[in-house]
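Chemist: model this:
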Amino acid sequence: MCGIIGSFSKNKIIELSNINSTRGNKTFSLSVLNVDCEILRCVKVIGNFSESVFNDIDNLHNQELYYILHIQSPTKVTNITTQTIHPAIYDDNYLWHNGMIIERNMNVIKERYEYESDWDTGLILKMVTDSFDNLTEIEGSFGCLLLKNNNLSIFRNNIIPMYFDDDLNISSAEFENSTKIHSNTVYGIDLKNKRLNHLKEFKNVHNPYKF
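Modeler: Residues are numbered from 1 along each chain as shown. Presented below is the predicted three-dimensional model:
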(Lines give C-alpha, C1' and ligand atoms only; values in the text may rest on other atoms or scores of the structure.)
Protein backbone atom coordinates (compact mmCIF):
# COMPACT_ATOMS: atom_id res chain seq x y z
CA MET A 1 0.00 0.00 0.00
CA CYS A 2 1.18 3.52 -0.76
CA GLY A 3 0.11 7.11 -0.44
CA ILE A 4 0.72 9.96 -2.89
CA ILE A 5 0.57 13.53 -1.61
CA GLY A 6 1.21 16.81 -3.40
CA SER A 7 1.10 20.44 -2.31
CA PHE A 8 2.70 23.86 -2.58
CA SER A 9 2.63 24.02 1.23
CA LYS A 10 4.96 22.19 3.61
CA ASN A 11 2.32 22.38 6.32
CA LYS A 12 -0.26 20.82 4.02
CA ILE A 13 2.16 18.02 3.14
CA ILE A 14 2.52 17.29 6.86
CA GLU A 15 -1.24 17.48 7.41
CA LEU A 16 -1.98 15.13 4.51
CA SER A 17 0.79 12.76 5.57
CA ASN A 18 -1.08 12.29 8.85
CA ILE A 19 -4.32 11.57 6.99
CA ASN A 20 -2.46 9.02 4.84
CA SER A 21 -0.35 7.61 7.68
CA THR A 22 -1.89 4.12 7.49
CA ARG A 23 -0.96 3.85 3.82
CA GLY A 24 2.78 3.44 4.29
CA ASN A 25 5.55 3.60 6.87
CA LYS A 26 8.40 1.55 5.44
CA THR A 27 9.89 4.11 3.03
CA PHE A 28 9.19 7.60 1.76
CA SER A 29 10.44 10.10 -0.75
CA LEU A 30 10.07 13.85 -1.00
CA SER A 31 10.46 15.37 -4.46
CA VAL A 32 10.66 19.11 -5.00
CA LEU A 33 9.60 20.72 -8.29
CA ASN A 34 9.49 24.29 -9.52
CA VAL A 35 6.45 25.57 -11.43
CA ASP A 36 8.17 24.62 -14.71
CA CYS A 37 7.97 21.00 -13.52
CA GLU A 38 11.71 20.61 -13.14
CA ILE A 39 12.80 18.33 -10.30
CA LEU A 40 15.16 20.27 -8.06
CA ARG A 41 15.63 17.70 -5.33
CA CYS A 42 14.50 14.17 -4.53
CA VAL A 43 15.20 12.67 -1.12
CA LYS A 44 14.59 8.93 -0.63
CA VAL A 45 14.56 7.44 2.87
CA ILE A 46 14.03 3.96 4.32
CA GLY A 47 11.77 4.52 7.32
CA ASN A 48 8.68 6.44 8.33
CA PHE A 49 8.09 9.98 7.04
CA SER A 50 9.55 12.75 9.17
CA GLU A 51 9.00 16.44 8.57
CA SER A 52 12.67 16.99 9.40
CA VAL A 53 13.36 16.09 5.75
CA PHE A 54 12.37 19.66 4.90
CA ASN A 55 15.58 20.80 6.59
CA ASP A 56 17.49 19.38 3.60
CA ILE A 57 15.68 21.62 1.10
CA ASP A 58 15.46 24.96 2.91
CA ASN A 59 18.00 26.48 0.54
CA LEU A 60 15.41 26.24 -2.27
CA HIS A 61 13.00 28.70 -0.67
CA ASN A 62 13.66 31.59 -3.10
CA GLN A 63 11.19 30.23 -5.66
CA GLU A 64 7.70 28.76 -5.62
CA LEU A 65 7.94 25.04 -5.04
CA TYR A 66 5.65 22.05 -5.35
CA TYR A 67 6.25 19.05 -3.10
CA ILE A 68 5.42 15.43 -3.89
CA LEU A 69 5.52 13.03 -0.97
CA HIS A 70 5.28 9.29 -1.52
CA ILE A 71 4.88 6.97 1.47
CA GLN A 72 5.14 3.24 0.99
CA SER A 73 4.64 -0.17 2.54
CA PRO A 74 5.67 -2.41 -0.36
CA THR A 75 3.32 -5.27 -1.17
CA LYS A 76 5.73 -7.31 -3.30
CA VAL A 77 9.24 -6.22 -2.33
CA THR A 78 10.59 -7.95 0.80
CA ASN A 79 14.18 -6.72 0.49
CA ILE A 80 13.58 -2.98 0.81
CA THR A 81 16.25 -0.77 -0.75
CA THR A 82 16.35 2.77 -2.08
CA GLN A 83 16.12 1.28 -5.61
CA THR A 84 12.42 0.58 -5.15
CA ILE A 85 11.51 3.85 -3.45
CA HIS A 86 9.38 6.03 -5.69
CA PRO A 87 9.59 7.73 -8.08
CA ALA A 88 10.60 5.17 -10.67
CA ILE A 89 12.83 6.71 -13.34
CA TYR A 90 13.02 5.74 -17.01
CA ASP A 91 14.46 7.89 -19.82
CA ASP A 92 14.42 10.94 -17.50
CA ASN A 93 10.71 10.42 -16.82
CA TYR A 94 9.36 9.87 -13.31
CA LEU A 95 6.39 7.95 -11.90
CA TRP A 96 4.86 7.87 -8.41
CA HIS A 97 2.45 4.94 -8.05
CA ASN A 98 -0.09 3.56 -5.62
CA GLY A 99 -1.48 0.12 -6.46
CA MET A 100 -0.36 -3.25 -7.75
CA ILE A 101 -0.32 -5.28 -10.95
CA ILE A 102 -1.40 -8.82 -10.18
CA GLU A 103 1.19 -11.51 -10.79
CA ARG A 104 -0.40 -13.38 -13.69
CA ASN A 105 -0.74 -10.14 -15.64
CA MET A 106 2.70 -8.91 -14.60
CA ASN A 107 4.35 -11.96 -16.12
CA VAL A 108 2.61 -11.40 -19.45
CA ILE A 109 3.31 -7.70 -19.88
CA LYS A 110 6.87 -7.95 -18.55
CA GLU A 111 7.66 -10.17 -21.53
CA ARG A 112 5.80 -7.91 -23.94
CA TYR A 113 7.75 -4.80 -22.86
CA GLU A 114 11.07 -6.64 -22.34
CA TYR A 115 11.10 -5.58 -18.71
CA GLU A 116 13.20 -7.70 -16.35
CA SER A 117 12.45 -6.32 -12.88
CA ASP A 118 9.52 -7.38 -10.69
CA TRP A 119 8.82 -3.77 -9.73
CA ASP A 120 5.43 -2.97 -11.21
CA THR A 121 5.91 0.78 -10.81
CA GLY A 122 8.87 0.73 -13.17
CA LEU A 123 6.89 -1.34 -15.65
CA ILE A 124 3.96 1.09 -15.65
CA LEU A 125 6.39 3.95 -16.24
CA LYS A 126 7.89 2.16 -19.24
CA MET A 127 4.41 1.53 -20.61
CA VAL A 128 3.09 5.10 -20.29
CA THR A 129 6.32 6.61 -21.58
CA ASP A 130 5.24 5.10 -24.89
CA SER A 131 1.47 5.76 -24.66
CA PHE A 132 -1.31 6.14 -22.11
CA ASP A 133 -3.30 3.73 -24.28
CA ASN A 134 -1.11 0.93 -22.91
CA LEU A 135 -2.86 1.27 -19.55
CA THR A 136 -5.66 -0.88 -20.94
CA GLU A 137 -3.32 -3.88 -20.63
CA ILE A 138 -2.96 -3.62 -16.85
CA GLU A 139 -4.89 -6.00 -14.64
CA GLY A 140 -4.62 -4.54 -11.19
CA SER A 141 -4.82 -1.15 -9.55
CA PHE A 142 -3.04 2.13 -10.10
CA GLY A 143 -3.16 5.77 -9.14
CA CYS A 144 -0.19 7.71 -10.46
CA LEU A 145 1.61 10.97 -10.89
CA LEU A 146 3.77 11.09 -14.04
CA LEU A 147 6.46 13.61 -14.88
CA LYS A 148 7.30 13.31 -18.57
CA ASN A 149 9.20 15.90 -20.59
CA ASN A 150 8.65 18.46 -17.81
CA ASN A 151 4.89 17.88 -17.92
CA LEU A 152 3.18 16.64 -14.78
CA SER A 153 0.02 14.53 -15.07
CA ILE A 154 -2.24 12.49 -12.83
CA PHE A 155 -4.39 9.44 -13.57
CA ARG A 156 -6.00 6.45 -11.87
CA ASN A 157 -8.18 3.48 -12.66
CA ASN A 158 -11.50 2.84 -10.95
CA ILE A 159 -10.02 0.88 -8.05
CA ILE A 160 -7.55 3.39 -6.60
CA PRO A 161 -8.94 6.71 -5.26
CA MET A 162 -7.13 10.05 -5.60
CA TYR A 163 -8.36 13.46 -4.45
CA PHE A 164 -7.52 17.10 -5.13
CA ASP A 165 -8.71 20.60 -4.26
CA ASP A 166 -8.60 24.07 -5.82
CA ASP A 167 -5.10 24.72 -4.43
CA LEU A 168 -3.72 21.60 -6.17
CA ASN A 169 -3.38 19.70 -2.94
CA ILE A 170 -3.40 16.01 -3.89
CA SER A 171 -3.93 13.00 -1.67
CA SER A 172 -4.59 9.28 -1.88
CA ALA A 173 -6.98 9.72 1.06
CA GLU A 174 -9.97 12.05 1.13
CA PHE A 175 -9.48 15.36 2.90
CA GLU A 176 -11.54 18.45 3.67
CA ASN A 177 -12.97 20.23 0.58
CA SER A 178 -11.43 17.67 -1.75
CA THR A 179 -12.90 16.13 -4.90
CA LYS A 180 -12.24 12.65 -6.24
CA ILE A 181 -10.34 12.67 -9.52
CA HIS A 182 -12.29 10.94 -12.31
CA SER A 183 -11.04 7.45 -13.10
CA ASN A 184 -9.67 6.38 -16.49
CA THR A 185 -8.83 9.99 -17.32
CA VAL A 186 -5.44 11.67 -17.66
CA TYR A 187 -5.22 15.23 -16.35
CA GLY A 188 -2.32 17.60 -16.90
CA ILE A 189 -1.29 19.43 -13.73
CA ASP A 190 -0.68 23.11 -14.48
CA LEU A 191 1.43 24.31 -11.56
CA LYS A 192 1.69 27.88 -12.84
CA ASN A 193 -2.07 28.40 -12.98
CA LYS A 194 -2.95 25.87 -10.29
CA ARG A 195 -5.43 23.79 -12.22
CA LEU A 196 -6.01 20.39 -13.77
CA ASN A 197 -6.48 20.16 -17.54
CA HIS A 198 -8.30 17.24 -19.12
CA LEU A 199 -5.88 15.52 -21.54
CA LYS A 200 -7.42 12.22 -22.59
CA GLU A 201 -9.41 9.21 -21.48
CA PHE A 202 -8.23 5.63 -21.53
CA LYS A 203 -9.83 2.23 -21.06
CA ASN A 204 -8.99 -0.06 -18.17
CA VAL A 205 -11.63 -2.66 -17.44
CA HIS A 206 -9.55 -5.27 -15.64
CA ASN A 207 -10.58 -5.81 -12.03
CA PRO A 208 -8.34 -8.26 -10.18
CA TYR A 209 -10.95 -8.75 -7.47
CA LYS A 210 -13.30 -10.53 -9.87
CA PHE A 211 -12.36 -14.15 -10.54
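Chemist: got the contact list for the closest residue to Met106 other than its chain neighbours?
Modeler: Taking CB to CB, 6 or more residues apart in numbering, and ignoring the residues beside it in sequence, Met106 has Asp120 as its nearest neighbour in space, at 6.0 Å. All C-beta spots, glycine's among them, are computed from the backbone N, C-alpha and C. The neighbourhood of Asp120, defined by CB atoms under 8 Å, 6 or more residues apart in numbering, consists of Lys76, His97, Gly99, Met100, Ile101, Met106, Gly140.
Chemist: what's in contact with the strand or helix carrying the second one?
Modeler: Of the helices and strands defined by DSSP states H and E, His97 is found in strand 93-101. Residues external to strand 93-101 that are found in contact with it (CB under 8 Å, 6+ apart): 1-4, 23, 31, 39, 68, 70, 75-76, 86-88, 109, 120-125, 128-129, 138-149, 157, 159-160, 162, 172.
Chemist: From those residues, which land in helices?
Modeler: Of the positions in those, Ile109, Asp120, Thr121, Gly122, Leu123, Ile124, Leu125, Val128, Thr129 sit in helices, assigned by DSSP state H.
Chemist: and those as TSV, adding pLDDT and distance to Val35?
Modeler: What follows is those, written out as TSV (pLDDT from 0 to 100; distance: CB to CB, whole Å):
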residue	pLDDT	distance to Val35
Ile109	94	35
Asp120	93	30
Thr121	95	26
Gly122	95	27
Leu123	96	30
Ile124	97	26
Leu125	97	23
Val128	96	23
Thr129	93	23
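Chemist: and which of the residues you listed is nearest to Val186?
Modeler: Distance to Val186 across the ones in helices among the contacts of strand 93-101 (CB to CB) is lowest for Val128, with 8.9 Å.
Chemist: List the residues that contact the closest residue to Thr81 other than its chain neighbours.
Modeler: Leaving aside its chain neighbours, Thr81 sits nearest to Ile46 (7.7 Å; criterion: CB to CB, 6+ apart). Taking CB under 8 Å, 6+ apart as the contact definition, Ile46 lies against Lys26, Thr27, Ile80, Thr81, Thr82, Ile85.
Chemist: hang on, the earlier thing: for PyMOL, write the selection for the buried entries among the contacts of strand 93-101.
Modeler: In PyMOL, this line selects whichever of those come out buried by 16 or more other CB atoms under 10 Å:
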select buried, resi 1+2+3+4+23+31+39+68+70+86+87+88+109+120+121+122+123+124+125+128+129+138+139+140+141+142+143+144+145+146+147+148+157+159+160+162+172
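Chemist: List the ones among the contacts of strand 93-101 that fall in strands.
Modeler: In this view, the contacts of strand 93-101 that belong to strands under DSSP state E are 2-4, 31, 39, 68, 70, 88, 140-148.
Chemist: Ile14 sits in which helix or strand?
Modeler: Mapping Ile14 onto the secondary structure by DSSP H and E places it in helix 10-19.
Chemist: And that helix, what's buried?
Modeler: Taking 16+ other CB under 10 Å as the neighbour-count basis, helix 10-19 is seen to contain the buried residues Lys10, Lys12, Ile13, Ile14, Glu15, Leu16, Ser17, Ile19.
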